[in-house]
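K.L.:
no sequence on this one, just coordinates:
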Ligand SMILES: *Cc1c(COP(=O)(O)O)cnc(C)c1O
């Protein structure tokens with residue numbers, strides 16, 4: 001075809017078709033790098049559209065903004081921002097609010113890559129951290145007396161060992177000592193806990209888990225109590241060059257529609273299975289916030305409206321060989337990291353290398369269990385096999 005053909009222009013100018021009379025439940029997938037402007041004045045004034053308006057594809061499209069608006073409503077937040085993963089939510093928040101000379105406090109039972117980010121990356125930029133026991137507020141108070149902190153990170157329940165900490169008490173301590181607070185709420189989702197209502201400044205969530213819900217996407221979110229921090233993070237993401245794919249957001253928007261239904265189902269099945277395992281292992285070795293023996297159970301009752309489908313079991317005295325035999329015999333559960341999908345998973349956890357201050361058994365093997373949507377009787381048959389194979 002000739003370069004002078006009118007078809008060359010027709011090929012790149014999509015015809016306008018009417019959207020009148022077209023209504024659908026689905027959120028369109030808007031892909032964009034370039035955003036175009038009606039006239040030169042609008043282009044020159046584009047910076048005034050930030051942080052909420054459309055300036056460049058990296059900073060958001062109507063697809064990502066719809067997901068952000070929905071998370072804002074569920075979290076009772078001022079604004080939300082979607083980022084490429086749960087870990088990116090945590091790291092970009094920290095990169096935005098911290099500067100050389102600052103100090104932060106991180107709970108011992110945090111999602112391990114967060115501790116690693118502080119040790120490997122923040123340290124190179126002159127930000128120090130201490131690890132605190134989230135169940136020991138006296139020692140936490142002593143940390144503030146020793147050294148001012150800029151940020152106290154919270155995760156409740158904690159990864160693997162599932163302790164439920166006292167979020168309002170930690171917020172109160174931080175506030176009195178001039179520190180801000182951020183909370184990883186991935187386990188509960190905003191349907192079972194709203195940390196902003198408990199006083200934290202910012203909530204992080206791995207949408208990869210329950211919001212996505214089908215083990216096929218990676219996304220994270222930050223939800224903010226105040227617009228000022230939101231604006232700072234939006235600006236920081238643009239210079240870091242971090243944005244999200246509208247296709248991932250579209251999948252998350254589909255996932256969020258069934259979130260309440262999936263969580264309610266998983267809550268019931270997980271709690272029933274946890275109780276059955278507790279009858280064999282002893283309740284002290286089943287770490288599930290809705291069981292009375294779980295550290296922080298009464299705090300969970302006060303601050304949460306439900307429990308999701310992830311809990312852990314501790315297997316003191318069980319050898320690596322016994323564990324391999326037991327897990328290799330699983331028929332319905334798959335072995336794998338991440339969680340929150342439709343398929344049930346187990347992941348063996350060795351916490352001995354990542355814990356330093358908690359008063360817990362770090363030597364025993366742990367199994368993290370994520371309950372999916374399979375028939376509960378099939379799941380019990382598998383779990384009963386594991387408990388029997390390791391000698392309980
Ligand atoms: C999985 C997880 C993350 C990280 O999410 P990704 O999207 O996999 O980066 C953060 N916090 C908690 C508690 C998690 O379980």
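P.N.:
Structure's in. What do you need? Just so you know, these numbers come straight off a predicted model, no measurement behind them.

K.L.:
and the residue in the stretch 51-200 of the chain that the ligand sits nearest to, what pLDDT?
P.N.:
Closest approach of the stretch 51-200 of the chain to the ligand (Cβ to the nearest ligand atom) occurs at residue 86, with a separation of 2.4 Å. The way it works is simple: take the backbone N, C-alpha and C, and place the C-beta from them, glycine included. Residue 86 carries a pLDDT value of 98.

K.L.:
that one: what's it in contact with?
P.N.:
Contacts for residue 86 (Cβ atoms under 8 Å, 6 or more residues apart in numbering) come out as 111, 184, 186, 204, 205, 206, 207, 208, 209, 219, 220.

K.L.:
in a markdown table: those residues, plus pLDDT and neighbour count.
P.N.:
Output for the contacts of residue 86, formatted as a markdown table (pLDDT from 0 to 100; neighbours: other Cβ atoms under 10 Å):
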| residue | pLDDT | neighbour count |
| --- | --- | --- |
| 111 | 97 | 22 |
| 184 | 98 | 25 |
| 186 | 98 | 26 |
| 204 | 98 | 30 |
| 205 | 98 | 29 |
| 206 | 98 | 27 |
| 207 | 98 | 30 |
| 208 | 98 | 25 |
| 209 | 98 | 23 |
| 219 | 98 | 27 |
| 220 | 98 | 27 |
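
K.L.:
quickly check those for the two that are furthest apart.
P.N.:
The distance between the two most remote of the contacts of residue 86 (Cβ to Cβ) is 15.6 Å, for 111 and 219.

K.L.:
please identify the helix or strand for the closest residue in space to residue 64 that isn't next to it in sequence.
P.N.:
Residue nearest to residue 64 in three dimensions, not counting chain neighbours: residue 249, with 4.8 Å by Cβ to Cβ, 6 or more residues apart in numbering. Assessed by DSSP states H and E, residue 249 sits inside helix 246-257.

K.L.:
contacts for that helix next, please.
P.N.:
Outside helix 246-257, the residues that touch it by Cβ under 8 Å, 6+ apart are 26-27, 29-31, 61, 63-64, 66-67, 70, 82, 84, 207, 210-214, 216-219.

K.L.:
then residue 80 would be within a helix, right?
P.N.:
No. Going by DSSP: H, G, I helix; E, B strand; the rest coil, the assignment for residue 80 is strand, not a helix.

K.L.:
residues near it, how many?
P.N.:
25 (other Cβ atoms under 10 Å).

K.L.:
and for residue 280?
P.N.:
Counted with other Cβ under 10 Å, the neighbours of residue 280 add up to 15.

K.L.:
after the strand or helix carrying it, which helix or strand is next?
P.N.:
Using DSSP H and E, residue 280 sits in helix 259-281. Past helix 259-281, further along toward the C-terminus, the next helix or strand under DSSP H and E is strand 286-287.

K.L.:
avg pLDDT for that next one?
P.N.:
Mean pLDDT, strand 286-287: 98.

K.L.:
list the neighbouring strands of that strand plus their orientation.
P.N.:
Strand 286-287 has its sheet partners listed here by DSSP bridges as strand 310-314 (antiparallel).

K.L.:
list the buried residues in whatever helix or strand comes next after the strand it pairs with.
P.N.:
Next helix or strand after strand 310-314 toward the C-terminus (DSSP H and E): helix 320-328. By neighbour count with 16 or more other Cβ atoms under 10 Å, helix 320-328 contains the buried residues 322, 323, 326, 327.

K.L.:
burial count for residue 43?
P.N.:
Look at residue 43: counted by other Cβ under 10 Å, it has 11 neighbours.

K.L.:
pull the residues that contact the one helix or strand it maps to.
P.N.:
Residue 43 belongs to helix 40-44 when assigned by DSSP H and E. The set of residues external to helix 40-44 that reach it, using Cβ under 8 Å, 6+ apart, is residue 37.

K.L.:
tell me the mean pLDDT for the helix or strand that it is followed by?
P.N.:
Beyond helix 40-44 on the C-terminal side, the first helix or strand identified by DSSP H and E is helix 62-75. Helix 62-75 shows a mean pLDDT of 98.

K.L.:
now the angle from helix 62-75 to helix 246-257?
P.N.:
Interaxial angle, helix 62-75 versus helix 246-257 (axes from the mean of the first three to the mean of the last three Cα atoms, to 10 degrees): 30 degrees.

K.L.:
which other helices and strands does helix 62-75 contact?
P.N.:
strand 79-83, helix 189-192, strand 220-224, helix 246-257 (3 or more Cβ pairs under 8 Å, 6 or more residues apart in numbering; DSSP states H and E).

K.L.:
just put these in TSV and tack on distance to residue 150.
P.N.:
Shown next, in TSV, are the helices and strands packed on helix 62-75 (distance: least, Cβ to Cβ, whole Å):
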stretch	distance to residue 150
strand 79-83	20
helix 189-192	26
strand 220-224	17
helix 246-257	31
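
K.L.:
point out the most buried one among the ones you listed.
P.N.:
Among these, strand 220-224 has the highest mean neighbour count (mean count of other Cβ atoms under 10 Å), at a mean of 28.

K.L.:
that one near the ligand anywhere?
P.N.:
Yes. Contact between strand 220-224 and the ligand, assessed by Cβ under 6 Å from any ligand atom, occurs at residue 220.

K.L.:
contacts for that strand, please.
P.N.:
Strand 220-224 is contacted from outside by 67-68, 71-72, 75, 77-90, 92-93, 190, 196, 201-208, 211, 230, 233, using Cβ under 8 Å, 6+ apart.

K.L.:
what does the helix or strand that that strand is followed by contact?
P.N.:
Later in the chain than strand 220-224, the nearest helix or strand by DSSP H and E is helix 227-240. Helix 227-240 is contacted from outside by 50-51, 56, 58-59, 78-81, 83, 92-93, 95-97, 201-202, 222, 224, 243, using Cβ under 8 Å, 6+ apart.
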